[in-house]
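> sharing a model prediction with you, sequence too.
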Amino acid sequence: MIDFEEELKKFKPAMEVNDAEEVIAKTDLTDMVDILKMMTEEKKAAAKKTEEKKEVHKK
């Protein structure tokens with residue numbers, strides 16, 4: 001049988017929603033979309049540099 005008094009002594013309240021929001025907002029939550037955006041930007045920047053070098057060599 002469950003001893004409710006004992007269980008109540010062990011009880012720890014869950015984090016409040018506002019506290020949880022604060023913790024989540026402070027955490028860096030980089031997901032796959034963010035990673036793909038960074039990779040795309042890096043690739044575009046590299047392609048732009050390559051294109052600029054080709055233009056310099058043509059002159």
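Received the coordinates, thanks.

> so residue 23 makes contact with residue 15?
Yes. Judged on CB atoms under 8 Å, residue 23 makes contact with residue 15 at a distance of 7.5 Å. In short, each C-beta sits where N, CA and C put it, glycine included.

> so, low pLDDT: which residues of the protein?
59 (pLDDT under 70).

> how does it look with 90?
Within the chain, the segments meeting pLDDT under 90 span 1, 11-31, 51-59.

> could I get the full set of helices for it?
Along the chain, counting by DSSP state H, helices occupy 4-10, 17-26, 32-58.

> name the residues of the shortest one that are buried.
Buried residues in helix 4-10, counted by 16 or more other CB atoms under 10 Å: none are found.

> now it, how far from the centre of its chain.
38 Å (CA atoms, centre = their mean, to the nearest Å).

> try stretch 37-52
So, by CA atoms, centre = their mean, the centroid of stretch 37-52 is 22 Å from its chain's centroid.

> same check on stretch 40-54?
Its chain's C-alpha centre and that of stretch 40-54 lie 26 Å apart, by CA atoms, centre = their mean.
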